[in-house]
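Enquirer: need a structure here:
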Amino acid sequence: MMQQDLEERYRQVAEDNQRRMENTIQMAYRCDEIGDQTLAMLAMDREKLMKVDQDLDFINDSLKRAEYHLHSMESWSGAIGNYFRGKPKAEKSGTFANKNRKIEVKAPECPPTVIRGKKLNDLKIQDALEDIKIHNFIDGEYIMYFCSNAGKIASNKKAIRDCVVMTNLGIFQVADGKRVGGTTGGVVLRSVSTAELVKGPMFGHDRVVITTWSGQKAELGFWNRKSSLFMTELLNQIPRKSREWAGPQTRGSSRRSGAFDEVSHRAQAARNGAQSMKSGSPMEGETAIQRMAREHDELFDGQLDELSSVLDNVAFKARALGDELKAQKELTEHIQTRVEDSHQRMRSNDKRGKRLLRR
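Expert: Presented below is the predicted three-dimensional model:
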């Protein structure tokens, strides 16, 4: 009787340990998912900050032109001097990316088959992709570049059935009205390590081979050489910061909403293993308690391996978050300095304009 009570007590302790470990693993996966979402939100914030930084170039260029005209209006000597100096040249870009780039890289010209900016909204490309259920855009996600493989004169309806789409989070291809790789096909921009152009034969399509940090490869097809060159350059530049995040992007970086299903499957396997402790047969010369201890240790070791793998990804994403926040802090300080400088120039031009009006 005491032996049976001891076995039952041991079984209860083992099952309790397994339940606690399952809960810990689920919490680790939730942390991993939150890390993915936070990195995606920070990526969108970075895009907005970079856009503000680029807009300051246009503002400063306009201020320079205003100063040029004010100088001509203030005196004859200023007008004569401007006549000989000629029209003002555009100011050198003062964006954060240009100031921190060691080698100036000239991006290829955007070809007619690649749509971006305001034209995307005018043509309602995003709405069209959602209508045919090609891609479900999450909050804050938007299209940056839309490359048609149907030709320059193709209608929007044909273009969205054969295209390559780059959002601020990832890039995917559509062929014959279907997304290549299924509903989850495509590559996350943060996972891109390199992009290589493989030129196709005459009357054939080019291929852009993308390699991720985890070593996986994906291909995008282009029927236009200028489009393939342009998109290859973009993939090698966007996002630049991801090159510094060479970490263990394995299961955690490629996993999405099915992660908790994976946990439940593994938890079910653990429960099945726990049930086998009741019905399994001991090895030769092994008591029932020794058998339960062996099976418990095997299951527990597997759970520890799984937990270690998830925590590695969580730690990597925590470092990535720290690096991104540090970079955005530097970018914000850079923008603040430029805004203060532009504000001073605007106040100066405003005073000069008021003096001219009082004459």
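
Enquirer: helices and strands around the one helix or strand residue 39 maps to, which ones?
Expert: Here residue 39 sits within helix 2-74, counting by DSSP states H and E. Applying 3 or more CB pairs under 8 Å, 6 or more residues apart in numbering; DSSP states H and E, one finds that helix 2-74 contacts helix 76-85, helix 96-99, helix 251-254, helix 259-279, helix 288-358. Heads up, the C-betas are built off the backbone N, CA and C, glycines and all.

Enquirer: again, 10 Å this time
Expert: helix 76-85, helix 96-99, strand 187-188, helix 251-254, helix 259-279, helix 288-358 (3 or more CB pairs under 10 Å, 6 or more residues apart in numbering; DSSP states H and E).

Enquirer: just say which of the ones you listed is most tucked in.
Expert: Mean neighbour count (mean count of other CB atoms under 10 Å) peaks for strand 187-188 among these, with a mean of 22.

Enquirer: average pLDDT for that one?
Expert: What strand 187-188 shows for mean pLDDT is 82.

Enquirer: what's the following helix or strand after it?
Expert: That would be, after strand 187-188 and using DSSP H and E, strand 192-198.

Enquirer: buried residues, whichever helix or strand comes after that following strand. List them.
Expert: Using DSSP H and E, the next helix or strand after strand 192-198 towards the C-terminus is strand 206-212. By neighbour count with 16 or more other CB atoms under 10 Å, strand 206-212 contains the buried residues 206, 208, 210-212.

Enquirer: strand 206-212 vs strand 192-198, what angle?
Expert: 160 degrees (axes from the mean of the first three to the mean of the last three CA atoms, to 10 degrees).

Enquirer: partner strands of strand 206-212, with direction?
Expert: Partners of strand 206-212 in the sheet, by DSSP bridges, are strand 192-198 (antiparallel), strand 217-222 (antiparallel).

Enquirer: report the rounded mean pLDDT for the first one.
Expert: By that I understand strand 192-198. In the prediction, strand 192-198 has an average pLDDT of 87.

Enquirer: buried stuff in that strand?
Expert: Neighbour-count burial for strand 192-198 [16+ other CB under 10 Å]: 192-193, 195, 197.

Enquirer: pull the residues that contact that strand.
Expert: Residues from elsewhere that reach strand 192-198 (CB atoms under 10 Å, 6 or more residues apart in numbering): 170-171, 187, 205-220, 222, 225, 228-229, 231-239, 242-243, 246, 249.

Enquirer: filter the residues you listed to the buried ones?
Expert: Among the contacts of strand 192-198, those scoring as buried are 170-171, 187, 205-206, 208, 210-213, 218, 220, 222, 228-229, 231-236, 238-239, 242, 249 (criterion: 16+ other CB under 10 Å).

Enquirer: in this protein, which helix or strand is least confident?
Expert: Lowest on mean pLDDT, DSSP states H and E among the helices and strands of the chain sits helix 251-254, with a mean of 38.

Enquirer: where does the protein have low pLDDT?
Expert: Residue ranges of the chain with pLDDT under 70: 1, 3, 90-93, 96-108, 152-153, 183-184, 238-286.

Enquirer: does residue 144 touch residue 110 like I think?
Expert: No: contact criterion CB atoms under 10 Å: residue 144 and residue 110 do not qualify, at 11.5 Å.

Enquirer: intersection of neighbour lists for the two?
Expert: Contacts common to residue 144 and residue 110, judged by CB under 10 Å, 6+ apart, are 116-117, 234.

Enquirer: what's the closest of those residues to residue 31?
Expert: The closest of the shared contacts of residue 144 and residue 110 to residue 31 turns out to be residue 234 (CB to CB; 31.8 Å).
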